[in-house]
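Student: Sequence first, predicted coordinates after that:
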Amino acid sequence: MNILLINPPCPETFWSFTHALRFIEKKAATPPLGLLTVAALLPASWGKRLVDLQMAALEPDDLAWADLVFISGMSIQRQAARQVIATCKAAGKTVVAGGPLFTLEYALFEQVDHFVLNEAELTLPLFLADFQRGRPKRTYRSRQFADLRRTPVPLWELADLDCYAWAGIQYSRGCPYNCEFCNVTALLGRTPRTKTGAQVISELEGLHRAGWHGPVFFVDDNLIGNRRAARTDLMPALIQWQKSRRPVSFNTQVSINLADDEELTRNMVQAGFNTVFIGIETPDPDSLAECHKNQNQKRNLLADVKRLQRAGLEVQGGFILGFDSDQPTIFQKMVDFVQQSGVVTAMVGLLQSSPGTDLHNRLRHEGRLAGVSSGDNADGTTNIIPRMGLDRLREGYKQVLGRIYAPRPYYQRIRAFLREYRPGPARGRIQALHVRAFLRSLFRLGVVGRERVEFWKLLLWTTWRRPTLLFAAVRLAICGHHYRRVFEDRVLPV
């Protein structure tokens with residue numbers, strides 16, 4: 001059998017880094033880790049080919065070669081997935097679909113021949129067994145959760161790793177919290193399951209053998225969901241591994257209570273983590289209570305962020321507007337918090353309701369759903385009828401983004417972060433592409449960019465105050481260029 005694995009393209013988003021990737025000559029942010037893992041679950045004797053439509057076209061020769069087409073994706077790829085499926089069916093191919101998009105919305109894809117839903121470690125073997133007997137069912141589901149200790153190393157060799165900015169690794173699945181708007185627990189449960197530290201090292205070694213020497217993104221929804229395992233198994237393994245080579249930098253997603261654990265924070269920095277994304281959501285305590293963000297309540301969020309920055313972690317933040325408890329004052333509160341915190345990468349989005357969440361169930365009963373979620377909460381749309389009123393919410397949202405991503409406040413935020421930040425040992429190696437990106441920034445941002453005055457002020461300030469962080473400052477300036485373009489191209493027209 002020849003299996004064609006297709007990753008649909010993503011639209012330009014806050015996290016696509018489309019405009020920033022051009023500075024470092026990359027085509028996409030990360031390879032499709034789910035499909036590469038599925039490929040490793042297939043029989044070793046089968047042919048496998050990956051087509052990532054983020055950077056390459058689907059050619060007729062690919063379809064002619066394939067016996068089966070496997071497609072996966074997330075909700076933001078919904079429209080692209082439909083087009084890919086239609087193309088494959090027009091070519092007479094059998095289409096097998098799985099992943100978060102199809103697990104939550106399989107009823108919307110009538111052209112798919114077989115759905116392999118939930119976690120592939122459990123459902124893919126069932127499909128393969130039936131398929132080889134000539135009696136495959138249309139839908140395969142499981143109420144159980146997979147043992148990640150049996151998950152194979154992804155087939156990195158299928159991907160052209162040179163085209164990506166980061167490689168991805170998954171250590172755990174599931175989250176102990178149950179935020180009302182989040183579908184992680186609906187998909188993966190509330191009991192975090194982990195791989196062993198040895199498994200993670202094996203995957204890192206596999207990346208190294210495949211020629212990857214750049215930064216690695218741990219894609220976990222909450223890397224410290226099982227803090228004991230992270231502290232006693234994962235971090236010691238990573239610390240030891242880093243000693244045997246030039247340090248590799250890691251980034252990941254965690255909950256804010258990492259700030260309460262000085263030992264774990266210190267170990268993460270020593271292990272090579274230098275960036276963490278945290279769902280801060282809102283500075284308003286009533287809205288935190290409303291969405292059951294218990295881990296964020298009754299704490300000084302601003303102080304927590306500063307503590308992590310001083311420990312050596314760049315904090316990226318997720319923020320949401322549109323909670324029922326939000327009052328008109330929330331817009332200024334949001335701007336103030338973002339600016340004071342020094343959270344340079346602040347993803348501020350409108351609340352959306354995804355299938356499978358407690359929020360979706362509540363709003364359905366209240367009759368307050370308006371269509372389906374776009375899957376991109378930073379595109380200026382919402383499928384919720386907000387208490388505040390849609391026009392007021394959208395106008396306030398645009399004001400917030402316009403204020404935090406305008407050149408002057410954005411560059412002020414970079415300096416606020418750099419004042420606090422005390423980097424750890426693994427900053428990642430400076431490569432020729434980074435030098436070329438720096439030189440491009442001098443022209444694109446410093447000569448023709450409308451932020452040129454702020455850009456040169458930042459370079460002079462960093463050279464004088466924090467010279468070892470010059471490349472970090474330029475990186476954040478380049479990212480700011482991307483964020484502003486996304487805001488102007490996607491949010492302002494809505």
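Tutor: It's in. Residues are numbered from 1 along each chain as shown.
Student: switch to C-alpha atoms for all contacts and neighbour counts from now on
Tutor: Will do.
Student: so which helix or strand takes in the closest residue to Ile278 other than its chain neighbours?
Tutor: Closest residue in space to Ile278, ignoring its immediate chain neighbours: Gly317 at 5.1 Å, by Cα to Cα, 6 or more residues apart in numbering. Following DSSP states H and E, the helix or strand that holds Gly317 is strand 314-321.
Student: Same question for Arg475.
Tutor: helix 470-486.
Student: Just the CA trace of that helix, in PDB.
Tutor: In PDB, the C-alpha atoms belonging to helix 470-486 read as follows (Å, rounded to 0.1, in the frame of the first residue of the first chain):
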ATOM      1  CA  LEU A 470      20.400  42.100  20.600                       C
ATOM      2  CA  PHE A 471      19.200  39.200  18.500                       C
ATOM      3  CA  ALA A 472      16.300  38.600  20.800                       C
ATOM      4  CA  ALA A 473      15.300  42.200  20.500                       C
ATOM      5  CA  VAL A 474      15.400  42.000  16.700                       C
ATOM      6  CA  ARG A 475      13.500  38.700  16.700                       C
ATOM      7  CA  LEU A 476      10.700  40.400  18.600                       C
ATOM      8  CA  ALA A 477      10.700  43.400  16.300                       C
ATOM      9  CA  ILE A 478      10.300  41.100  13.300                       C
ATOM     10  CA  CYS A 479       7.500  39.200  15.100                       C
ATOM     11  CA  GLY A 480       5.800  42.600  15.700                       C
ATOM     12  CA  HIS A 481       5.900  43.300  12.000                       C
ATOM     13  CA  HIS A 482       4.000  40.100  11.500                       C
ATOM     14  CA  TYR A 483       1.400  40.800  14.200                       C
ATOM     15  CA  ARG A 484       0.600  44.300  12.800                       C
ATOM     16  CA  ARG A 485       0.200  42.900   9.300                       C
ATOM     17  CA  VAL A 486      -2.200  40.200  10.600                       C
END
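Student: so what does it touch, helix or strand wise?
Tutor: With contacts taken as 3 or more Cα pairs under 8 Å, 6 or more residues apart in numbering; DSSP states H and E, helix 470-486 sits against helix 18-21, helix 390-405, helix 407-420, helix 432-444, helix 452-465.
Student: relative to helix 407-420, how tilted is the second one?
Tutor: Translated: helix 390-405. 60 degrees (axes from the mean of the first three to the mean of the last three Cα atoms, to 10 degrees).
Student: Show me what helix 390-405 is packed up against.
Tutor: With 3+ Cα pairs under 8 Å, 6+ apart as the test, helix 390-405 has helix 330-341, strand 346-350, helix 470-486 packed against it.
Student: Let me know which of the ones you listed is the nearest to Leu122.
Tutor: strand 346-350 (34.0 Å; Cα to Cα).
Student: Please tabulate the helices and strands packed on helix 470-486 in JSON lines, including the columns mean pLDDT, distance to Thr329 and mean neighbour count.
Tutor: Shown next, in JSON lines, are the helices and strands packed on helix 470-486 (pLDDT from 0 to 100; distance: least, Cα to Cα, whole Å; neighbours: other Cα atoms under 10 Å):
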{"stretch": "helix 18-21", "mean pLDDT": "97", "distance to Thr329": "33", "mean neighbour count": "20"}
{"stretch": "helix 390-405", "mean pLDDT": "97", "distance to Thr329": "10", "mean neighbour count": "18"}
{"stretch": "helix 407-420", "mean pLDDT": "98", "distance to Thr329": "20", "mean neighbour count": "20"}
{"stretch": "helix 432-444", "mean pLDDT": "95", "distance to Thr329": "37", "mean neighbour count": "16"}
{"stretch": "helix 452-465", "mean pLDDT": "98", "distance to Thr329": "29", "mean neighbour count": "17"}
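Student: Throw these into JSON lines and include distance to Asp261, thanks.
Tutor: Shown next, in JSON lines, are the helices and strands packed on helix 470-486 (distance: least, Cα to Cα, whole Å):
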{"stretch": "helix 18-21", "distance to Asp261": "33"}
{"stretch": "helix 390-405", "distance to Asp261": "30"}
{"stretch": "helix 407-420", "distance to Asp261": "19"}
{"stretch": "helix 432-444", "distance to Asp261": "34"}
{"stretch": "helix 452-465", "distance to Asp261": "30"}
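Student: Which of these sits closest to Leu128?
Tutor: So among the helices and strands packed on helix 470-486, helix 18-21 is nearest, using Cα to Cα, at 36.9 Å.
Student: tell me how far that closest one is from the chain's mean position?
Tutor: 15 Å (Cα atoms, centre = their mean, to the nearest Å).
Student: Equivalent analysis for stretch 361-378, please.
Tutor: Counting by Cα atoms, centre = their mean, stretch 361-378 comes out at 21 Å from the chain centroid.
Student: hmm, back to that, what's the closest of the helices and strands packed on helix 390-405 to Pro152?
Tutor: Of those, nearest to Pro152 by Cα to Cα is strand 346-350, at 32.8 Å.
Student: For that closest one, which residues meet the burial criterion?
Tutor: 346-350 (16 or more other Cα atoms under 10 Å).
Student: ok, back up a step: please work out which of the helices and strands packed on helix 390-405 is packed deepest.
Tutor: Of all these, strand 346-350 has the most neighbours on average by mean count of other Cα atoms under 10 Å, namely a mean of 23.
Student: if you go through the stretch 101-250 of the chain in chain order, where are the helices?
Tutor: Using DSSP state H, counting those that start in this stretch, the helices of the stretch 101-250 of the chain run over residues 120-132, 184-188, 197-209, 227-229, 235-242.
Student: just checking, what packs against the shortest one?
Tutor: When you say that, I think you mean helix 227-229. If you count contacts as 3+ Cα pairs under 8 Å, 6+ apart, helix 227-229 packs onto no helix or strand.
Student: Which residues does it contact?
Tutor: Helix 227-229 has contacts (Cα atoms under 8 Å, 6 or more residues apart in numbering) with Thr194.
Student: and that helix, which residues are buried?
Tutor: 227, 229.
Student: How about the contacts made by Thr463?
Tutor: By Cα under 8 Å, 6+ apart, Thr463 lies in contact with Leu470.
Student: Run a quick neighbour tally on the residue nearest to Ile278.
Tutor: 21 (other Cα atoms under 10 Å).
Student: swap in the one 5 residues further on?
Tutor: When neighbours are counted by other Cα under 10 Å, Gly322 registers 25.
Student: In this structure it contacts Arg392, no?
Tutor: No - judged on Cα atoms under 8 Å, Gly322 makes no contact with Arg392 at a distance of 10.0 Å.
Student: Out of the helices and strands packed on helix 390-405, which is closest to Arg403?
Tutor: helix 330-341 (7.2 Å).
Student: Grab the nearest non-local neighbour of Asn222.
Tutor: Val254 (4.5 Å).
Student: who touches Ala97 in this structure?
Tutor: 70-72, 112, 114-117.
Student: swap in Val372?
Tutor: 353-354, 383.
Student: gap between it and Asn383?
Tutor: 6 Å (Cα to Cα, to the nearest Å).
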